[in-house]
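# just a sequence and a predicted model for now, questions to come.
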Amino acid sequence: MAFWGVEVKPGNPFKHEHDDTKGRLHLSMATLGLGTAEQRSILQCNIGNKSPVFLCTLYPVNSESLQVNLEFEEADEVVFSVLGPRSIFLSGYYVSTSQREPCGEDIADTETDLSENSDEDEYENSFIDDDEPEVYPPSPISKDENHTRWRGLCMCHL
């Protein structure tokens, strides 16, 4: 996995081209650039000759960053551009096509450990522990000029 980042400035689109050696681009976060303008800035994406798509709108003070979580594996060039007065920083990482995460495990045809005639309670091995938590005494930190004593601090074991 390799990290990726770019600043997209208004009037200066950024072109991203897919590279098989790097893998898919996972765009994670969009953050509004520094500036004094108080108007919104819109991140726009164009793939090939298709119509542009607005990915997000960032507002100073209210929403200066946003998780995007998009992946791009396009044969065509992907162009990011900003509509508005302030730049937008994009960050993410490349995901190798050989590192695809499994989407889950199919357990439809698997057998269970309990037999049909079992006398065991089906909830006997539950992970829920209803016992009272263990309470430990306060930390014995000595009081001197560089340290203060924590009072009433306890650690609970659930």
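All right, it came through fine.
# now do the contacts for the closest residue to Ser41 other than its chain neighbours.
Using C-beta to C-beta, 6 or more residues apart in numbering and skipping the chain neighbours, the partner closest in space to Ser41 is Gly84 (3.2 Å). C-betas here are computed from N, CA, C, even on glycine. Taking C-beta atoms under 8 Å, 6 or more residues apart in numbering, we find Gly84 in contact with Pro10, Ala37, Gln39, Arg40, Ser41, Ile42.
# now, the most widely separated pair of these?
Ala37 and Ile42 (13.0 Å; C-beta to C-beta).
# related to what we said a few turns ago, distance-wise, check the residue nearest to Ser41 relative to Pro10.
As judged by C-beta to C-beta, to the nearest Å, Gly84 and Pro10 stand 6 Å apart.
# tell me the residues that contact both of those two, please.
Ser41.
# tell me, how many residues neighbour Thr36?
Residues lying near Thr36 (other C-beta atoms under 10 Å) number 7.
# what secondary structure does the closest residue to Pro10 other than its chain neighbours sit in?
Leaving aside its chain neighbours, Pro10 sits nearest to Val82 (4.7 Å; criterion: C-beta to C-beta, 6+ apart). Following DSSP: H, G, I helix; E, B strand; the rest coil, the label given to Val82 is strand.
# test my guess that Val82 contacts Glu7.
No. Using C-beta atoms under 8 Å as the test, Val82 is too far from Glu7 to be in contact (9.5 Å).
# give the residues shared as contacts by the two.
In contact with both Val82 and Glu7: Ile88, using C-beta under 8 Å, 6+ apart.
# please identify which of these two sits among more neighbours.
Val82 (24 against 13).
# show me the contacts for the more buried one.
Val8, Lys9, Pro10, Ser41, Ile42, Leu43, Gln44, Ile88.
# how about 10 Å then?
If you count contacts by C-beta atoms under 10 Å, 6 or more residues apart in numbering, Val82 has them with 7-14, 30, 32-33, 41-44, 58, 88.
# check Cys56 too.
Cys56 touches 30, 32, 41-45, 63, 65-68, 70, 88, counting by C-beta under 10 Å, 6+ apart.
# ok, and the closest non-adjacent residue to Phe89?
Thr31 (4.5 Å).
# tell me how many other residues crowd Ser41.
Neighbourhood size, Ser41 [other C-beta under 10 Å]: 24.
# isn't it up against Leu55?
No. The pair Ser41 and Leu55 fails to qualify as a contact (C-beta atoms under 10 Å) at a distance of 11.5 Å.
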